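Asks: using only what follows, build the 3D model:
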Amino acid sequence: MVDFQLDETQAMLKELAHEFVVDEVRPHAEHWDQESTYPLDAIKSAHERGLLNLHIPEQYGGPGFGSMEEVVVNEELAWGDPGFATAAYATALASAPILTGATDAQKEVWLRRIAEEGALASYAVTEPEAGSDVAAIKTTAIKDGDEYVINGSKMWITGAGYADFFFVLAKTDPEAGYRGMSGFIVEKDAEGFSLGKKEGNMGQRCSDTRSITFDDVRVPANHLIGESESGGWMNAMKAFDMSRPNIAAHATGLARAAFEHALQYSNERTTFGKPLHQHQAVQFMLADMKTKIEAARLLTWKSAQEFDKGIRNTESAAHAKRFAADIAMEVTTDAVQVYGGYGYSEEYPVARLMRGAKVMQIYEGSSQVQRMIIGREMTKSLE
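Replies: Residues are numbered from 1 along each chain as shown. Alright, predicted model coming up:
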């Protein structure tokens, strides 16, 4: 039986998240964007309200919710502001490979720090010459006694300037391709670790994005995620099956916010003697926007429910992330069009939302990469 209704707990979380962003995110979103201010206090408040890292099991101090609960909350956070949603979700992405690949002892340390202490973490995989092509990373981790020595650099690392620790993918066997990759935990105060400047991005400016550099950074051998080397690539990729439904939820929430602004404006603005929404050309634009948002949400929910049921959701997560990201760009562009000249002004929220939408088509696997994943999955039966 298919049920598109939220249960009591999910509805409660949705309401709690909505109230939070109305009170603590939307009133500050424009200022955060203009000043490129990291919303640290709001992130701490969201953590205290139990709205972040919902997937961490109870045995490690977390709430133990599923992906479905998490996407419901993340749609509301992005409805409040996409930059805030990205900044607040960075730790969840970094914790995913810990959850899927770490030993129980490692989970006890790192997941509990996140759940109980509100520690922030970043996912450090992308490099200057290795974005979608993860196998091309050059960062190395060489075993030296009871330590690993890490050298290399990472790029576009979300939350880097505020992270307490990092999940880092590095090559322990440079000759073995993706089979020679391992995941590590690196703490921010490690000797030889350094941060680059905050990037001046087109949109989502309150989210802190930086490069990071490892110069003979030594980490204890027990900071290797899992019990052996070589599983890092697969573990890092598994994290996306968990995270992409949430990024799709972000895109859906962003699009929903833009649509609602456009709908309200179409009722306030009068042309040729009647409200904008009574002109068929505008009404059809609004109708298409609403349909796309509804479809994106259903794809997101499907991928989240599959994950919760233990069904491999690689393809459905790719569908959700690709479609939701693309419609976020389309819907925000149309929202600007509904506003006309006012939409092009930074005094109105749709311009900020349109700028914030573009990166949804790029990070955590671009829309083109999602199509590659879908193509690979759908043609397996032909091989």
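
Asks: going forward, measure contacts and count neighbours with C-alpha atoms only.
Replies: Fine.

Asks: and the next element down the chain from the helix ranked longest in the chain?
Replies: Longest among the helix segments of the chain by residue count, using DSSP state H, is helix 232-268. For helix 232-268, the following helix or strand on the C-terminal side (DSSP states H and E) is strand 270-271.

Asks: and the contacts of that next one?
Replies: residue 276 (CA atoms under 8 Å, 6 or more residues apart in numbering).

Asks: sheet-wise, list the partners of it with their directions.
Replies: Sheet pairing here is set by DSSP bridges, and for strand 270-271 it gives strand 274-275 (antiparallel).

Asks: so residue 136 sits against residue 125, correct?
Replies: No: contact criterion CA atoms under 8 Å: residue 136 and residue 125 do not qualify, at 10.6 Å.

Asks: so for those two, which residue has more residues nearby?
Replies: Taking other CA atoms under 10 Å, residue 136 and residue 125 do not tie; residue 125 has more neighbours (24 against 15).

Asks: state the pLDDT value of that one.
Replies: At residue 125, the model reports a pLDDT of 93.

Asks: got it, and the one 3 residues further on?
Replies: The pLDDT attached to residue 128 in the predicted structure is 89.

Asks: check contacts around the nearest residue to residue 227 once chain neighbours are set aside.
Replies: Counting by CA to CA, 6 or more residues apart in numbering, residue 227 lies nearest to residue 103, which is 6.8 Å off, once chain neighbours are set aside. Neighbour list for residue 103: 225, 226, 227 [criterion: CA under 8 Å, 6+ apart].

Asks: host element of the nearest residue to residue 72 once chain neighbours are set aside?
Replies: Residue nearest to residue 72 in three dimensions, not counting chain neighbours: residue 14, with 6.0 Å by CA to CA, 6+ apart. For residue 14, the host element (DSSP H and E) is helix 8-24.

Asks: what is the mean pLDDT for whichever helix or strand comes after that helix?
Replies: Of the helices and strands lying after helix 8-24 in sequence (DSSP H and E), the nearest is helix 26-35. For helix 26-35, mean pLDDT is 97.

Asks: switch to numbering from 345
Replies: Got it, first residue is 345 now, which makes that one helix 370-379.

Asks: which other helices and strands contact the very next helix or strand once past helix 370-379?
Replies: Going down the chain from helix 370-379, the next helix or strand is helix 384-392, by DSSP H and E. Under the contact definition 3 or more CA pairs under 8 Å, 6 or more residues apart in numbering; DSSP states H and E, helix 384-392 sits against helix 426-445.

Asks: can I get the helix or strand following the helix it packs on in CSV? Just the C-alpha atoms.
Replies: For helix 426-445, the succeeding helix or strand toward the C-terminus, using DSSP H and E, is helix 448-461. Only the C-alpha atoms of helix 448-461 are listed here, as CSV (Å, rounded to 0.1, in the frame of the first residue of the first chain):
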residue,chain,number,x,y,z
ASP,A,448,31.6,0.6,16.7
ALA,A,449,34.3,2.2,18.8
GLN,A,450,34.8,4.9,16.2
LYS,A,451,31.1,5.6,16.0
GLU,A,452,31.0,5.9,19.7
VAL,A,453,33.5,8.7,19.6
TRP,A,454,32.7,10.7,16.5
LEU,A,455,28.9,10.3,16.2
ARG,A,456,28.4,10.9,19.9
ARG,A,457,30.5,14.1,19.6
ILE,A,458,28.1,15.3,17.0
ALA,A,459,24.9,14.2,18.7
GLU,A,460,25.6,15.1,22.2
GLU,A,461,28.2,17.9,22.0
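
Asks: how about the strands in the stretch 395-544 of the chain?
Replies: 465-468, 484-488, 491-502, 509-515, 525-531, 537-539 (DSSP state E, counting those that start in this stretch).

Asks: need those in a markdown table (columns: distance to residue 564 and mean neighbour count).
Replies: Below are these laid out as a markdown table (distance: least, CA to CA, whole Å; neighbours: other CA atoms under 10 Å):
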| stretch | distance to residue 564 | mean neighbour count |
| --- | --- | --- |
| strand 465-468 | 18 | 28 |
| strand 484-488 | 10 | 19 |
| strand 491-502 | 4 | 22 |
| strand 509-515 | 14 | 26 |
| strand 525-531 | 9 | 25 |
| strand 537-539 | 15 | 17 |
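
Asks: out of those, nearest to residue 592?
Replies: Of all the strands of the stretch 395-544 of the chain, strand 491-502 sits nearest to residue 592, with 17.1 Å by CA to CA.

Asks: ok, that closest one: who's next to it in the sheet?
Replies: strand 484-488 (antiparallel), strand 553-564 (antiparallel).

Asks: follow-up on the earlier one: okay, now the residue nearest to residue 416: neighbour count?
Replies: Neighbourhood size, residue 358 [other CA under 10 Å]: 23.

Asks: for it, give me its contacts.
Replies: 416, 417, 420.

Asks: which of those residues lies closest to residue 562?
Replies: residue 417 (37.6 Å).

Asks: sorry, back to before: need the strands of the stretch 395-544 of the chain in JSON lines (columns: distance to residue 551).
Replies: Below are the strands of the stretch 395-544 of the chain laid out as JSON lines (distance: least, CA to CA, whole Å):
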{"stretch": "strand 465-468", "distance to residue 551": "12"}
{"stretch": "strand 484-488", "distance to residue 551": "28"}
{"stretch": "strand 491-502", "distance to residue 551": "7"}
{"stretch": "strand 509-515", "distance to residue 551": "16"}
{"stretch": "strand 525-531", "distance to residue 551": "20"}
{"stretch": "strand 537-539", "distance to residue 551": "15"}
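
Asks: looking at those strands, which is closest to residue 605?
Replies: Of all the strands of the stretch 395-544 of the chain, strand 491-502 comes closest under CA to CA, at 27.8 Å.
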